[in-house]
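> no letters, just coordinates:
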Ligand code: ZN
C-alpha cells in the first residue's frame, strides 16, 4: 500500500475547491485505502483528498485510540445538512500545518449526508470530536484551513513559521 505525500501550507493546491466524485469505483477505493494508510502513518485522525493533492471530495477519519480496534470512516461527497446552534471551542491541528494547534469554534453537532466506501448513501449524526473532525475535513474540500478562523496576526505568524521550517528541512 502506497503512503502518499501530505502537502503543507502554504501550497496553492490546499486552497483549491475539490470536485464531487461521480462514481465510487475500485480506483476511488484504492485512493481511500492509501489515504487511510497515510493518515495512520502520519499519525493523524483525519485526512482529506486535497491534502494528498487529489481535488476530490473524499475524507477519511479514525478517532479510535486502540491500535487493535481500528475504526476507519470513509466519506465521499460529504455534505453537512444540519448544524447545531451550540458552538464549542476545541483545539485543532492539521497534518498540513504540522506543529501548530489552536482553538477553533464550531457547531458541536452536525448531520452529514455522504456516500460510504461502497458508494451507499448514508446519513450520520455526529457530535463532539467527530463533528469537529468532519467539519475540519469538509473545509479542506472547500480550500479552507483551520488557521482561517484565527486572527490575521495569528494566522500570519503560523504561515511564516511553516515557511521557515520548510526552508530549513
Ligand atoms: Zn486538516
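In hand now; what should we look at? Here the structure is a predicted model, which means the values were calculated and not measured.
> now do the helix or strand of the chain with the lowest mean pLDDT: distance to the chain's middle.
Using mean pLDDT, DSSP states H and E, helix 152-168 stands out as the lowest-scoring helix or strand of the chain, at a mean of 94. Distance of helix 152-168 from the chain centroid (Cα atoms, centre = their mean, to the nearest Å) equals 20 Å.
> now for that helix, which elements pack on it?
Under the contact definition 3 or more Cβ pairs under 8 Å, 6 or more residues apart in numbering; DSSP states H and E, helix 152-168 sits against no other helix or strand. Heads up, the C-betas are built off the backbone N, CA and C, glycines and all.
> and the strands in this protein, which stretches?
With DSSP state E as the definition, the chain shows strands at residue ranges 46-48, 58-61, 73-83, 87-92, 102-107, 109-115, 121-127.
> how about the contacts made by residue 127?
With contact taken as Cβ atoms under 8 Å, 6 or more residues apart in numbering, residue 127 is in contact with 84, 108, 109, 110.
> wait, residue 62 sits on residue 74?
No: using Cβ atoms under 8 Å, residue 62 is not in contact with residue 74; the gap is 9.9 Å.
> alright, calling it a day.
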